[in-house]
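Novice: how does the following fold in three dimensions:
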Amino acid sequence: MNFDFNQLQQFIGQAKRQYEELRQKMAGISVEASAGGGMVTVRMDGNKQLLDIRLDPDVVKNDPDMLPDLIRAAINEAGRRVDQALQSELGSMAGGLNLPGLV
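Specialist: Numbers count the residues shown, from 1 in each chain. So this is what the prediction gives:
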């Protein structure tokens, strides 16, 4: 078994750089999702921090009991969209890792 320590160090350095690049990209991502035909709309960043919630005044006035479910649905969908963006970024970045000769 042939192990090249220098290549391992190069790989680790490359992985650290790409991790930092991914963190910066995720900080710049903003997704939007809605529920109830647009009655509730949320915006979330790449770190899954809720940035904004917009509520249609009619749903607040006419169906306040449904409001928690709509908010939850919109937030969950925004989280899924962040996950999709992250998977997409990870897939493209992993293709850039140079693994040959590591082991």
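
Novice: tell me where this protein has strands.
Specialist: Assigned by DSSP state E, the strands in the chain fall at 30-35, 40-45, 50-55.

Novice: so which of the ones you listed comes closest to residue 4?
Specialist: For the strands of the chain, proximity to residue 4 was assessed by CB to CB; strand 40-45 is nearest, at 39.5 Å. (Each C-beta comes from the backbone N, C-alpha and C, glycine too.)

Novice: relative orientation of that closest one and strand 50-55 in degrees?
Specialist: Between strand 40-45 and strand 50-55, the angle comes out at 170 degrees (axes from the mean of the first three to the mean of the last three CA atoms, to 10 degrees).

Novice: show me what contacts residue 46?
Specialist: Residue 46 sits next to 25-30, 82, 85-86 when contact means CB atoms under 8 Å, 6 or more residues apart in numbering.

Novice: list the buried ones in the longest helix seen in the chain?
Specialist: Among the elements of the chain assigned as helix by DSSP state H, the one spanning the most residues is helix 67-94. Within helix 67-94, the residues that count as buried by 16 or more other CB atoms under 10 Å are 67, 70-71, 73-75, 77-79, 81-82, 85-86, 89, 93.
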